[in-house]
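**Student:** Model the structure of this input:
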Amino acid sequence: MDRFERGMLARSKAGHDEGRVYVITKTDDAYVYLVDGNIRTLQNPKKKKKKHVQIINRKYDIAGADDVKMKRILKTWSKEEE
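**Tutor:** Got it, this is the predicted structure:
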């Protein structure tokens, strides 16, 4: 079973967006597709290699979610981390 699953949170480990947290919306063999609801929307996800992201062991139900829901998920998670 693949450890990258739809609805999980992931932190970027490399690139100009290093340290940013995203929600995984889709996975394939080598890539994950990341959304933050703000710059990276559901219509324009960030395609990133799996080796360049770190999984955060938190999973959310994103069935039928929109960009506002993605923003709320990330905001809720960041408040829990404080």
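
**Student:** Tell me the buried residues in stretch 48-58?
**Tutor:** 48, 50, 53, 55, 56, 58 (16 or more other C-beta atoms under 10 Å). Every residue, glycine included, has its C-beta placed from N, CA and C.

**Student:** and the gap between the spatially most central residue of the chain and residue 17?
**Tutor:** In the chain, the C-alpha nearest the mean C-alpha coordinate belongs to residue 23, at 2.0 Å (C-alpha atoms, centre = their mean). Applying C-beta to C-beta, to the nearest Å, the value for residue 23 to residue 17 is 14 Å.

**Student:** burial count for residue 7?
**Tutor:** 15 (other C-beta atoms under 10 Å).

**Student:** and what of the one 10 residues further on?
**Tutor:** Residues near residue 17, counting by other C-beta under 10 Å, number 18.

**Student:** One more: residue 21?
**Tutor:** Residue 21: 20 neighbours (other C-beta under 10 Å).

**Student:** So which residues of this protein form helices?
**Tutor:** Along the chain, the segments classed as helices by DSSP state H run 67-81.
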